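Asker: got a predicted structure plus its sequence, pasted below:
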Amino acid sequence: MTKTWVTPGGVHPPENKHQSVTMPIGHLPIPEKLLVQLSQHIGAPAKPCVTIGQIVLKGQKIAEAVGAVSVPMHAPTSGTISAIEDRPIAHSSGMSGPCIEITTDGQDLWIDHDPLTDYENASPEALLQIISEAGIAGMGGAGFPSAIKLNPGSRRPINTLIINATECEPYITADDSAIRERSAEIVEGIHILSRILGNPSKILIGIEDNKPEAIEALKPHVADTGISVVSFPTKYPSGGEKQLIYILTGQELPSATLPADAGMVCVNIGTTYAVKRAVVNGEPLISRVTTVTGDACGMNRNYETLIGTPVRHLLEHNEFNSDACSRLIMGGPMMGFSLSSANVPIVKTTNCILAPSYSEIPDDEPAQPCIRCGLCAEACPASLLPQQLYWYAQANDHDRLEAHNLFDCIECGACSYVCPSNIPLVQHYRHSKGDIVKVRQEKVVSDHARSRFEFRKQRMELAEQEKEAKRIARREASEKAKASAGKKTAPVDASNGSAAPASSSAADIIAAAQARAVSKQVSPEQQQAKFERSIAGAEMRVQMAAEKLAEADASLTQEQKNTLDAALEGAQQKLDQAQRRLEEHLEQHKELNEEQVK
Amino acid sequence: MIETIAQQPMLAALIAMVGLGLLFGALLGYAAEKFKVQGDPIVEQIDALLPQTQCGQCGHPGCRPYAESIGKGGEINKCPPGGQATINAIASLLDVPAPELDAEHGEEADVKTVAYIREDECIGCTKCIQACPVDAILGAAKLMHTVIMSECTGCDLCVEPCPVDCIDMLPIEDGIKQWHWPAPLKVADLIATDRTPQEASL
Amino acid sequence: MAFKQITSPHAHAAQNTSRVMQLVIWATVPGLIALSINFGWGSLINVILAVVTALACEATIIKLRKRPVAFYLGDYSAALTAVLLGLALPPLAPWWVVVIGSMFSIVIAKHLYGGLGYNPFNPAMVGYVVLLISFPIPMTIWVTPLALLPEGVSHPGLAESLSIVFSGYSPADGVTGATPLDLFKHSSGLVVEQIYQNNPLFSQGMFAGVGWEWVNLGFLVGGIGLIAARIFTWHGPVAMLGAMTLMSLIFWDGGSSNSPGSPLMHLFSGATMMGAFFILTDPVSSAVSNRGRLIYGALIGVLVYLIRAWGNYPDAVAFAILLANFAAPFIDNYTLPRTYGHTDRRRATEKEED
């Protein structure tokens, strides 16, 4: 017996698993229409690569993965694409999302696909490519693309592969029955995973002790393979990734890290079967085992269900009585979400459709005040204080919520389950988490807006200062010029001073300059003053830019600093140019004067 | 000396009180120096709470000037884009009671908006570009302009200057990505100040 | 087909707040029986009178606050507060004492703070302390235990008890007397052994005073039942009783004339067991985490002993619990449990202090 560890908290809700395992996994007739949701996984929704009216074969790719974190979608059976549009999808919000509708033709014709029997000799990269192309996303709950999970990179060598066969939620038996009937293929899938991960030293299948048949079914196949089947006492939520890792290894994953950071990969057992089918049979992920259960269904059973099958189709084939049904749940009674319509399709993560009667799951009673009895804290598997979180969630006190580690809540629902006051604690936490994330995003946006606003302000101030400086320099220079012109012209010539030097000049060399001077009616003195003016202006600009830059050193972003640097350089160049011109002018003027003197 | 003091209860009490006063005064003064909070100046902190739409609805040219005016003791209820949440945050920062939003400066919008230029009507006058406080409008004279959606704060300062009224403020629709669980209905909330009558179903 | 949209989890355990409150009320029955056997009809009359007053006050206030009355009365919290207050008051106390206490508990200590779940102090104890301070004389007259009544005198019957309570008719001589804790308070010159020998309250009792030991045993049984039913955890009561035992062991000094009494005497007289299992465990006003509850309980234990031994009042459970109520948020701040995946415990105010 392998040693296991015990997690804090946890609850023991009635299991209700026996109803759905009396019969083997069944098959349903192909529904008339399938609705393949384009976002069945964490990451970007897939992009359709078929057009309306196109005929597709079973297993044909109908949507491409977009970006790194995404998976492609495949036609679950042969038929015609009849719509690509938004439909209500499997999501807690009950909102619509992009879907591809296939009108099936009943032929169920496979597209050509190549099995890879010799996977022992295939490279991990090739295997990962197959898994990625097969559209496999974690089938336990969140639906994280498997190819990414199985490729943690060379920085994080994997020494432990954990197969999650816990299935701790009440009612659900999809994994249980799959193990009972397909243990050989599942173990083959585990071997493939092991090969991809570079043969980790420990391979553990974690399973609760309420599934003795499944444990027995696995045992002959894992003998002498280095894979150990570890069973542990049934307690909800042992199947949470973090909880399972602790139960099996005694290690806690530090907050906000992934199992791969600790050298572990945790894969749902349903995913291993999909991996085997993808690699050895060449079949993409187009169907999965789904439990249909609850007293509002006359028959409780597991089915190999095509992805995209409307929930309605499953219910109708199981003597569903909608009047008796208190709510329709996708997933289990602890973490599943309620559906507003039965037209929602089955997705890659749908392990259960639960249609309970009013006596099984009655309508929620109105919440009474929290009396801080602490039952929730006893039940919390993450050792949080749900009653305090509730208190602060009501007050929207985000700081305190984070100090109480709200984001370590796995939303397992154990606290709400035990709450004597019927407080929807998990919904409070979900709401607060959403709010906090939103506030964080808004903060990023507003910081960005602030920096843009401030940059703009600075730019405008700079322009304003430049204008102002120019104006001042112009005025000063013109005053100086006036004064100097007055002094010089008075004794020499009382008449129009500007004409005198121009008219008196006769030298050819400076004809051009002269002509310019005449046309602008500018005396050399004035010319000089003008140059001096531009020098003064440029000097001022250089000085200002330098000051700005010095001032800005500490507080500004690199981008802004670069701009200021450029401004300084520009001003410097202008100054140099102006000085050069003045020198030239003085040079010319001197020659002119000398000539005049001669 | 001590005896005389002891015989004069008034004097003893006086000396004791004054002495204690001096002692504690010195202690407090020391502590105030020693444990001085080296925080952001208040204006920075207020500015950080403002939504940075730079819309000027508060009567100040941008969020920071408004923050500065609050720092000098101005009203804190002049920011419609931030709404009551911002007022509450500033009130708790400054430790004052939170007033309601001053309707004179506008009403809190339910949905965020972004500016959208109907491009075939734009005449390329650049007036909106000059009005935009965050340089979110792209274009040049005689050329069509367009709004960079991700940069737009929804301040609607560009709407007024447009001579051909080709700018709309469009609400940002929350998609499934933005969705998060709403707060549960408060069925039996017991806050004394909450005066909403309970639903009849109970 | 349209279905309701409801957040997970969909399944709920059978426990609910009304049932918890009712269970606690039932768990006081052994104590109430012991009180009635040893001290007559007075406690039962107290309880009934207090419950009636409390429910009337609760209904009025809820009405004033425009809430659904039936829904809130159905949580039994007012009834529980009243039962505890009734049990704590001296039997045969005048009716107005009980009525004022209940009103104060419900109106001031509970609803003015926001109602169930929001009161920082235990309402029953607030009511009790207000009475103790305001009306010291009726609050310190206790009935003599049945076993010690003088020859020919018995506890007043139901009718007589009612007339004592409602018309101020005074009971026969010898029906009222001192409590074990009173005796210790007022017998400073004697060594413990002398007190035990001289006073029938101790000499005829088993270990902690005639009658009182049975009352405390009654509450102990009820309390253990509640722990077994997982209504609250063992941490608070055990910490309080442990701290009291430790304190009384340290200062026991073999029973000299300065000794404040033996551990057994302290554990089984006065309101010790009732405080430990029924008042301290009031979740609303206590610390929230198990570690916090250990500290909270120990604090109460120490305070009870300190006040009993050196304070002005013979018993101190109500004061100790109110003082600890003050400390509860402070204790909470420093006793957050270590969350999965974190190496350090956090403090609730950590973020604000940054």
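Answerer: The structure has been received and is ready for your questions. Everything quoted here is computed from the prediction, not taken from an experiment. Numbering: from 1, shown residues only, chains lettered A, B, ... in the order given.

Asker: how about the closest residue to chain B within chain A: what's its closest non-neighbour residue?
Answerer: Ranking the residues of chain A by distance to chain B (C-beta to the nearest C-beta) places A:G434 first, at 2.5 Å. Every residue, glycine included, has its C-beta placed from N, CA and C. The shortest distance from A:G434 to any non-neighbouring residue, by C-beta to C-beta, 6 or more residues apart in numbering or on different chains, is to B:H180 (2.5 Å).

Asker: tell me the confidence at the one you found?
Answerer: We note a pLDDT of 82 for B:H180 in this prediction.

Asker: just the buried residues of stretch C:295-315, please?
Answerer: C:295-309, C:311, C:313-315 (16 or more other C-beta atoms under 10 Å in any protein chain shown).

Asker: now stretch A:385-395
Answerer: For stretch A:385-395, by 16+ other C-beta under 10 Å, it's A:385-394.

Asker: what about that stretch, near chain C?
Answerer: Yes: judged by C-beta under 8 Å from any C-beta of the partner chain, stretch A:385-395 comes into contact with chain C through A:385, A:387-388.

Asker: restricted to helices, list the buried residues of stretch C:295-315.
Answerer: Within the buried residues of stretch C:295-315, residues falling in helices by DSSP state H are C:295-309.

Asker: can you count the residues close to B:F35?
Answerer: 8 (other C-beta atoms under 10 Å in any protein chain shown).

Asker: list the contacts of it.
Answerer: Counting by C-beta atoms under 8 Å, 6 or more residues apart in numbering or on different chains, B:F35 touches no other residue.

Asker: tell me the pLDDT of it.
Answerer: On the pLDDT scale, B:F35 gets 76.

Asker: helix, strand, or coil at A:T80?
Answerer: strand (DSSP: H, G, I helix; E, B strand; the rest coil).

Asker: contact residues of chain B facing chain A?
Answerer: Going by C-beta under 8 Å from any C-beta, the residues of chain B near chain A are B:47, B:50-54, B:62-64, B:133-136, B:151, B:153, B:175-176, B:178-184, B:187-190, B:202.

Asker: in PyMOL, select just the buried ones from those residues.
Answerer: A single PyMOL command selects the buried members of those (16+ other C-beta under 10 Å):
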select buried, chain B and resi 47+50+51+52+53+54+62+63+64+133+134+136+151+153+176+180+181+183+184+187+188+189+190
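
Asker: between the buried residues of stretch A:385-395, which is nearest A:N164?
Answerer: A:P386 (24.7 Å; C-beta to C-beta).

Asker: packing partners for the longest helix seen in chain B?
Answerer: Counting by DSSP H, the longest helix found in chain B is helix B:9-34. On a contact count with 3 or more C-beta pairs under 8 Å, 6 or more residues apart in numbering or on different chains; DSSP states H and E, helix B:9-34 meets helix B:2-7.

Asker: then the helix or strand harbouring B:Q84 to CSV, C-alphas only?
Answerer: Following DSSP states H and E, one finds B:Q84 within helix B:83-94. This file holds the C-alpha atoms of helix B:83-94, laid out as CSV (Å, rounded to 0.1, in the frame of the first residue of the first chain):
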residue,chain,number,x,y,z
GLY,B,83,-18.6,57.3,-10.2
GLN,B,84,-19.4,56.4,-6.6
ALA,B,85,-16.7,53.8,-6.5
THR,B,86,-14.0,56.4,-7.0
ILE,B,87,-15.6,58.8,-4.6
ASN,B,88,-15.7,56.1,-2.0
ALA,B,89,-12.1,55.2,-2.6
ILE,B,90,-10.9,58.8,-2.2
ALA,B,91,-13.1,59.3,0.8
SER,B,92,-11.6,56.3,2.5
LEU,B,93,-8.1,57.4,1.5
LEU,B,94,-8.7,60.9,3.0
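
Asker: who are the packing partners of that helix?
Answerer: helix B:42-49.

Asker: distance of A:E101 from chain C?
Answerer: 19 Å (C-beta to the nearest C-beta, to the nearest Å).

Asker: with A:L354 instead?
Answerer: 8 Å.

Asker: got the contact list for that residue?
Answerer: A:L354 touches A:171, A:291, A:293-294, A:328-333, A:336, C:10, counting by C-beta under 8 Å, 6+ apart.

Asker: can I get those in CSV including secondary structure, pLDDT and neighbour count?
Answerer: Listed next are those as CSV, based on DSSP: H, G, I helix; E, B strand; the rest coil; pLDDT from 0 to 100; neighbours: other C-beta atoms under 10 Å in any protein chain shown:
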residue, secondary structure, pLDDT, neighbour count
A:Y171, coil, 92, 29
A:T291, strand, 94, 31
A:T293, strand, 93, 30
A:G294, coil, 91, 29
A:L328, coil, 91, 29
A:I329, strand, 92, 28
A:M330, strand, 92, 22
A:G331, coil, 90, 24
A:G332, coil, 91, 28
A:P333, coil, 92, 29
A:G336, coil, 90, 27
C:H10, coil, 86, 27
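
Asker: determine which two of those residues are furthest apart.
Answerer: So, those by C-beta to C-beta: farthest apart are A:T291 and C:H10, at 15.1 Å.

Asker: would you map out the domains in chain C?
Answerer: C:16-175, C:178-328 (automatic domain parsing).

Asker: now do chain B
Answerer: B:2-34, B:42-105, B:113-171.
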